[in-house]
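>>> coordinates for the following, if possible.
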Amino acid sequence: MKKMRLLVIVSLMLVAVIQSYTQQKSFKCGQWRWDIKTLTDKDGAGLLKAKPVVMNFDRFLDAKAPRTLNEKSSKDKTQPRFPSEKEVVEITAYITTITIAEDDHDFKLVLKSPDSDATMLGELPNPNCSSLDKFPIQRTQFKQTWKVLSGIMDKINGNNKPIKVKITGVRFWDAPQGEHGASSNGLEIHPILKVTILPD
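A predicted model of the protein is given here:
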């Protein structure tokens, strides 16, 4: 009987170790302007220390795109950071939905304005992406935010109600693809650096 218990305990420990390894093992994620999305370009690391500019959601969305990006363009796929993407912003929004994208494993949030029906996307790269293997500072930051968003995802799935938050992140121009909740001009917050739940 003691041997059986010991065998069960050892088996459970082995399963836990394997699960832990699987969760920590890095894997390949996205490609589209990926160094910009993950702050692994030459200007990215500095944005982690930048003071956020507090902005109104709707005014944030009023910004004009530096150029219209095309999802199928190989040149646009590697477009370097635009000057307007060298800014960390802080906005108040409602998270209406939150999912993990199948293609690049990002956390994908649909954000809604507190003052209008305007929406946009906010995203956080998966901290286990292999492109972060040589960027421990970015990975650590994304892991911390990933934990917070995991809790928020559970809350939204549990009560199916939008959650009011303060979001800090980097302005990002994406190629408009007509995704649910996306802004018409392709403006997003990507990556999200910090999320704080606010009283509604």
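
>>> where exactly do the strands run in the chain?
Along the chain, counting by DSSP state E, strands occupy 53-54, 88-100, 107-112, 119-124, 163-173, 187-197.

>>> so what are the sheet partners of the shortest one and their directions?
The one in question is strand 53-54. Within its sheet, strand 53-54 is paired with strand 88-100 (parallel), according to DSSP bridges.

>>> ok, now the last one?
With DSSP bridges as the criterion, the sheet partners recorded for strand 187-197 are strand 119-124 (parallel), strand 163-173 (antiparallel).

>>> for L39, which residues are in contact?
A45, L47, L48, F135, Q138, V170, P191 (CB atoms under 8 Å, 6 or more residues apart in numbering). The C-beta positions use only the backbone N, C-alpha and C, and glycine is treated the same way.

>>> any of those buried? List them.
Neighbour counting by 16 or more other CB atoms under 10 Å classes L47, F135, Q138, V170, P191 among the contacts of L39 as buried.

>>> any chance of the residues you listed in CSV, plus distance to K28 and pLDDT?
CSV is the format used below for the buried ones among the contacts of L39 (distance: CB to CB, whole Å; pLDDT from 0 to 100):
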residue, distance to K28, pLDDT
L47, 23, 97
F135, 15, 96
Q138, 16, 97
V170, 22, 98
P191, 17, 98
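
>>> what's the most distant pair in those?
F135 and V170 (14.7 Å; CB to CB).

>>> next one: Q141 from D62, what distance?
From Q141 across to D62, the span is 28 Å (CB to CB, to the nearest Å).
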